[in-house]
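K.L.:
Fold the following, please.
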Amino acid sequence: MLQSRFASSVLAILTACAAAAPGQSALAAAGAPAAATPSVRAPNSGPAAASVPAPKLILVLVVDGLPAEQVQRYRDQFGPGGFRRLMEQGAMFTDAHQAHGVPVTAVGHSAILTGAYPYRHGIINNYWIDANGQQVYCTEDTRYKYIGEETGEHDGTAPTNLRVDTLGDQLRYATGNRSKVLTVAGKDRGAILLAGKTGTAYIYMDRTGDFASSTFYMQSHPAWVQRFDAAKPQDRYYGKSWTPLLPAAAYAGDSTDYPSTDKENNSFPFVYRGDSGKPDAKYYERLKTGPAVDELTLEFARAAVENEQLGRNPAGVPDLLGVSLSGHDYVNHSFGPESRMSHDHLQQLDRLLAKFFTDLDKQVGMDNVLVVLTADHGFSNTPEFSRTRHIDAMRIDSKKLLADLDQALAARFGLAQLVKKSWAPEVYLDYDAIEKKGLARADVEDYAARWLLRQPGIAQVFTRTQFERGLAGGTRLALLMQRAWNRHLSGDLMIVTQPYTFFGTKSMGSTHGTPYAYDTNVPLFMMGQRWIRPGAYRGYTEVVDIAPTLASLLRVRPPAGAEGRVLTEALR
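P.N.:
Below is the predicted model:
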């Protein structure tokens, strides 16, 4: 296992194990960052709380695209019942990370309840290229269709590509399938990758505004889902506006220069409308950029708690509810995390969470609920904003970069189109052509990497040969990229841009997906008075620690691919 995870430093780690002081990680003793690997972090300690009953409901909340710094920056403006409640009544881990090199939605959601890194769980990006050179979407499986909805070629319908199980799968195994595991999200990948192999996922359909599952999970929706959709709660926003929640002075200092793909809708107030004069597909799509999609998602989650009796399971076993709130990601992509829109959206979300906690207290009793809140990734500031702060940031045209790379390789090796496919940050080379020409694969990779490093905005390039032979180096950057690389699925070059620089065009706001702290550092809260010791925990933690910690509290075995540790410092 160590060889696959840390091939570049196995010998140093093993040598250091014997010399490491009690509580000191082997990597720290070897001279690497102490936080680099959860499997050799300080051992767990403390008495087992066997007499404490297990939670009746595990609530896992994921705020898509929420950097940890935003929670801290705006904390004084939160109301009493949402994020502030988590801060005051729960454990707040301030240095928590999605500790892999490509933090995007699919990868981050996979890490939360598998406890695994991409090299093991197999979800290396939202999209990637398969062995036949075809594009693959992380949760696509053409054998299954959405129930009552149009299903596109690459729509997400099943967890087929997830190569490991989840905490929910282990909970259902331990209880003979009596525990219910249900997830809901604004994105298919958010719901499906939280639900695992044996849970049930529901997804916001941006063509109709309904919530639907797929035939992987069932052939028809339960009656309560049919009633929820028939009521058309999504239509109540038509013609209404998203306006700032707080007085204008509260947003002083926010950016008001928004690069956006929707030039007609890039400043407050945002009016929810369609092109046909009534609710239509364009209108339902627009609901995703703002608090409306999150309000609808939480309403569906309330209906699920009530109708599925989550937390009041007749079998007397724990249930798991996963809720992924997608709106913040869409807002940050459109306008950047420094924008007034992002600032206000987080305040709106805070109030929605407070209401949801209040309702859950009435339905289940918060004394019976263990809450986890985290994010799948953070966000970069827009390059335009970064440059106003004297940071050398830029947008890179990936198509031009790779076309130029292809020309450089052709000039050097006499072969055209050696760049076979690309899905940033990965580049796939044509190894068949390389072998037929009698070239050494490593020579082509090395030349390509050295050429890319001479281009503006490129910080580092890792090659397949480096990863396979353990030659990537002992830095934290190399470790995070190694974790993100899967030898069966990933490309032959992995490109790391300079900080605050990313692949994209001027028509978009911001994005994420790099190994830098602004993309990896995410909020992590755990709240449940019977199980969690409140306080601010400033030591390094990782999102992969969530699944082993919950498994310990639920007294079930951790997921097979889990590599995190139990967060004993926060447990009663």
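K.L.:
who's in contact with the strand or helix carrying residue 461?
P.N.:
Taking DSSP states H and E as the criterion, residue 461 maps to strand 458-463. Strand 458-463 is touched from outside by 396, 442, 445-446, 448-449, 452-453, 472, 477-478, 481-482, 485, 492-499, with contacts defined as Cβ atoms under 8 Å, 6 or more residues apart in numbering. Placement of C-beta: from N, CA and C, glycine included.
K.L.:
Sort out for me which of those are in strands.
P.N.:
Mapping the contacts of strand 458-463 onto strands (DSSP state E) picks out 396, 493, 494, 495, 496, 497.
K.L.:
May I have the beta-bridge partners of the second one?
P.N.:
This points to residue 493. For residue 493, the beta-bridge partners are residue 427, residue 463 (DSSP bridges).
K.L.:
was I right about it contacting residue 452?
P.N.:
Yes: counting by Cβ atoms under 8 Å, residue 493 touches residue 452, with 7.3 Å between them.
K.L.:
Pick out whichever of the two has more residues nearby.
P.N.:
Comparing residue 493 with residue 452 by other Cβ atoms under 10 Å, the one with more neighbours is residue 493, at 24 against 20.
K.L.:
and that one, what pLDDT?
P.N.:
pLDDT for residue 493: 98.
K.L.:
show me the contacts for it.
P.N.:
Listed by Cβ under 8 Å, 6+ apart, the contact set of residue 493 reads 426, 427, 429, 445, 448, 449, 452, 461, 462, 463, 464.
K.L.:
can you name the two of the residues you listed that are farthest apart?
P.N.:
Pairwise distances across those peak at 14.2 Å for 452 and 464 (criterion: Cβ to Cβ).
K.L.:
out of the ones in strands among the contacts of strand 458-463, which is most surrounded?
P.N.:
The most neighbours, when the ones in strands among the contacts of strand 458-463 are compared by other Cβ under 10 Å, belong to residue 495, which has 28 neighbours.
K.L.:
buried ones in the strand holding residue 461?
P.N.:
458, 460, 461, 462, 463 (16 or more other Cβ atoms under 10 Å).
K.L.:
export these to CSV and tack on pLDDT and distance to residue 92?
P.N.:
Output for the buried residues of strand 458-463, formatted as CSV (pLDDT from 0 to 100; distance: Cβ to Cβ, whole Å):
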residue, pLDDT, distance to residue 92
458, 98, 36
460, 98, 32
461, 98, 37
462, 98, 34
463, 98, 39
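K.L.:
model confidence over stretch 90-105, on average?
P.N.:
The model assigns stretch 90-105 a mean pLDDT of 98.
K.L.:
next one: stretch 132-143
P.N.:
Mean per-residue pLDDT for stretch 132-143: 96.
K.L.:
how close does residue 236 get to residue 96?
P.N.:
For residue 236, the distance to residue 96 equals 36 Å [Cβ to Cβ, to the nearest Å].
K.L.:
Between those two, which is the more surrounded one?
P.N.:
Remark: of residue 236 and residue 96, residue 96 carries more neighbours, 25 against 14, as counted by other Cβ under 10 Å.
K.L.:
Am I right that the more buried one is in contact with residue 517?
P.N.:
No: using Cβ under 8 Å, residue 96 makes no contact with residue 517, being 11.2 Å away.
K.L.:
picking up where we left off before, rebuild the ones in strands among the contacts of strand 458-463 as JSON lines, extending it with distance to residue 270.
P.N.:
Below are those laid out as JSON lines (distance: Cβ to Cβ, whole Å):
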{"residue": "396", "distance to residue 270": "30"}
{"residue": "493", "distance to residue 270": "40"}
{"residue": "494", "distance to residue 270": "37"}
{"residue": "495", "distance to residue 270": "35"}
{"residue": "496", "distance to residue 270": "35"}
{"residue": "497", "distance to residue 270": "31"}
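K.L.:
Among the residues you listed, which one sits closest to residue 247?
P.N.:
residue 497 (38.0 Å).
K.L.:
beta partners of the closest one?
P.N.:
Bridge pairing for residue 497 - DSSP bridges - gives residue 458.
K.L.:
if I read this right, it contacts residue 512, doesn't it?
P.N.:
No: look at residue 497 against residue 512 with Cβ under 8 Å: they stay out of range, at 11.5 Å.
K.L.:
Brilliant, that's me finished.
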